[in-house]
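> Okay, predicted coordinates and the sequence, questions at the end:
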Amino acid sequence: MTAVLLCWGAALWLEGAAGLHTDVPVLAVALTLSLSSAQRTAPTRRRLAALVLLPVTAAGAQLLGRLIMHHYAVGAAVFTAGIALCVWLRRYGPAAATAGTLMTLPLVALLVVPGPALPRAAESGLMSWYWSALIGVLACLCVWLVQALGDRYGPWRPEPERPAPRRASLLRPRPSTRMAVQLAAAVAAAFLCGRLLFADHWPWAVLTVYVAAAGNRGRTDVLRKGVERCAGATAGTLLATGVAAAGITGPASVAVMFVVLAVALWLRPLGYAYWAAGMTTALSLLLGYFGQDATELLPTRLAATALGAALSVASAWWLLPVGARAGARTGARTVRRPERAPEPADRQGLRRS
């Protein structure tokens, strides 16, 4: 949260100095929050890769957001292909999986930042692709600075990463390919159904699909995440509604949002539902800051979240399902020893004697 607040403060100053839109600090918070966990124990080589990939992908995501605003079907197809490609890259080992994760962060931030869901009249106020790239660089620098100071002067030390053994999987198609196909199908369906049923609030359905299906470790895992996502969204929306009903608006709601994010990060290891509740509360407060009524949008948000969870579960269960063991080893090469044929009866008798 120290890195998040630092990057948010810098982006807030940049917004005022350059006359930008409020989506600048929102993007800074979204990228820093995601990058902090991904870079906690990353070596120098991976950090340099993030410094290149994150700004480039952030700029591309900003252009993609404008494409979705003007040509929804084309933009949805490009987004679906990009998010599936990031998962498919896991088949090429840990380095490719890390690159895919970094490329995913701006795409997910695109669903959080109120850009594609805004009316076209507000497009002139949105930041350009080069500002997005600058925010990506700023997020990397803030994360590295805070983590370096924490490792040097803080009481906690991160545990070094242990490289997972590379094993070849006998599953065909590979688990990474199955997960990419499942995610693509669910995201495409969420774009279609979300637009038809929820108009400009379609990002809620697409975001739920990604959260439930991106780290697919099997059908049971997707079902559990879908249920926890719905439960967390319900609790988070009700909490945000209570905050709005208490009259907490404007800068005070922003302060409450950061407190909620800190608590959600603290409780995240205990269960995904806590993180889902915290993120939903923060997003609801953010939309309330932009003038949307959380109480009025409560049924829409819950319905869109339930739709996204149902689509992700349906795709994981009936479209190239991934077994629990195969899903847990996605991105690694699993070698299985061939089963030994049973020995003849006469040889078994000789061994006994």
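On my side now, so go ahead.
> C-alpha only now, for contacts and for neighbours.
Noted.
> Residue 185 and residue 174, how far apart?
In this view, residue 185 and residue 174 are 17 Å apart by CA to CA, to the nearest Å.
> dump the residue contacts of the spatially closest residue to residue 253 that is not a sequence neighbour.
Distances taken as CA to CA, 6 or more residues apart in numbering place residue 285 nearest to residue 253, at 6.3 Å, with adjacent residues excluded. Listed by CA atoms under 8 Å, 6 or more residues apart in numbering, the contact partners of residue 285 are 240, 244, 253-254, 257, 294.
> ok, now residue 12?
Residues near residue 12 by CA under 8 Å, 6+ apart: 24-25.
> ok, 7 Å please
Listed by CA atoms under 7 Å, 6 or more residues apart in numbering, the contact set of residue 12 reads residue 25.
> just to confirm, which helix or strand has it in it?
Assessed by DSSP states H and E, residue 12 sits inside helix 2-18.
> re earlier: please identify the helix or strand for the residue nearest to residue 253.
Per DSSP H and E: residue 285 is located in helix 272-289.
> in that helix, what's buried?
Buried residues in helix 272-289, counted by 16 or more other CA atoms under 10 Å: 272-289.
> same deal with stretch 304-311?
Using 16+ other CA under 10 Å as the test for burial, stretch 304-311 gives 304-311.
> tell me which of those is nearest to residue 52?
Taking CA to CA as the measure, residue 308 is the one of the buried residues of stretch 304-311 closest to residue 52, at 31.8 Å.
> got a pLDDT number for the closest one?
Predicted confidence (pLDDT) for residue 308: 89.
> so what's it closest to, chain neighbours aside?
Among residues not flanking residue 308 along the chain, residue 205 sits closest, at 4.4 Å (CA to CA, 6+ apart).
> Let me see the mean pLDDT of whichever strand or helix holds the one you found.
Using DSSP H and E, residue 205 falls within helix 203-213. Helix 203-213 shows a mean pLDDT of 86.
> Over to stretch 11-30?
Mean per-residue pLDDT for stretch 11-30: 85.
> buried stuff in that stretch?
Residues of stretch 11-30 classed as buried by neighbour count (16+ other CA under 10 Å): 11-12, 14-15, 20-30.
> do you know how far residue 71 is from residue 65?
According to CA to CA, residue 71 and residue 65 sit 10 Å apart.
> ugh, typo on my part, it should be residue 183
For residue 183, the distance to residue 65 equals 20 Å [CA to CA].
> need the contact list for residue 59.
By CA under 7 Å, 6+ apart, residue 59 lies in contact with 129-130, 132-133.
> Need the pLDDT of residue 131.
Reported pLDDT for residue 131: 87.
> State the helix or strand in which it lies.
Per DSSP H and E, residue 131 falls inside helix 129-153.
> which of the residues in that helix are buried?
Buried residues in helix 129-153, defined by neighbour count with 16+ other CA under 10 Å: 129, 131-144, 146-147.
> do the same with stretch 236-251
236-241, 243-244, 248-249.
> can the residues you listed go into TSV with extra columns for secondary structure, pLDDT and distance to residue 214?
As requested, those are exported to TSV (DSSP: H, G, I helix; E, B strand; the rest coil; pLDDT from 0 to 100; distance: CA to CA, whole Å):
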residue	secondary structure	pLDDT	distance to residue 214
236	helix	82	22
237	helix	77	23
238	helix	81	26
239	helix	84	27
240	helix	79	26
241	helix	77	29
243	helix	79	31
244	helix	74	32
248	coil	76	34
249	coil	74	34
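> re the thing from before, now for the buried residues of stretch 11-30: which two are most distant?
Across the buried residues of stretch 11-30, no pair lies farther apart than 20 and 30, at 17.2 Å, counting by CA to CA.
> Hmm, the residue nearest to residue 308 is touching residue 194, no?
Yes: the criterion here is CA atoms under 7 Å, and residue 205 meets it with residue 194 at 6.1 Å.
> Which one's more surrounded, the two?
Legend: neighbour count by other CA atoms under 10 Å for residue 205 and residue 194, higher for residue 205 (32 against 24).
> tilt between the helix holding residue 131 and helix 2-18?
Using axes from the mean of the first three to the mean of the last three CA atoms, to 10 degrees, the direction of helix 129-153 lies 150 degrees away from that of helix 2-18.
> Check which element follows helix 129-153 along the chain.
Heading C-terminal from helix 129-153 (DSSP H and E), you reach helix 175-198.
> in that following helix, what's buried?
Applying a neighbour-count criterion of 16+ other CA under 10 Å, one finds 175-195, 198 buried in helix 175-198.
> Could you dump the contacts of residue 59 into a markdown table and include distance to residue 77?
Shown next, in a markdown table, are those (distance: CA to CA, whole Å):
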| residue | distance to residue 77 |
| --- | --- |
| 129 | 20 |
| 130 | 23 |
| 132 | 22 |
| 133 | 23 |
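> out of those, who's nearest residue 209?
The closest of the contacts of residue 59 to residue 209 turns out to be residue 132 (CA to CA; 24.6 Å).
> right, and the closest one touches residue 60 too?
No: assessed by CA under 7 Å, residue 132 is found out of contact with residue 60, at 8.7 Å.
> Nearest residue to residue 235 in space, please, no chain neighbours.
Nearest non-adjacent residue to residue 235 (CA to CA, 6+ apart): residue 277, at 5.8 Å.
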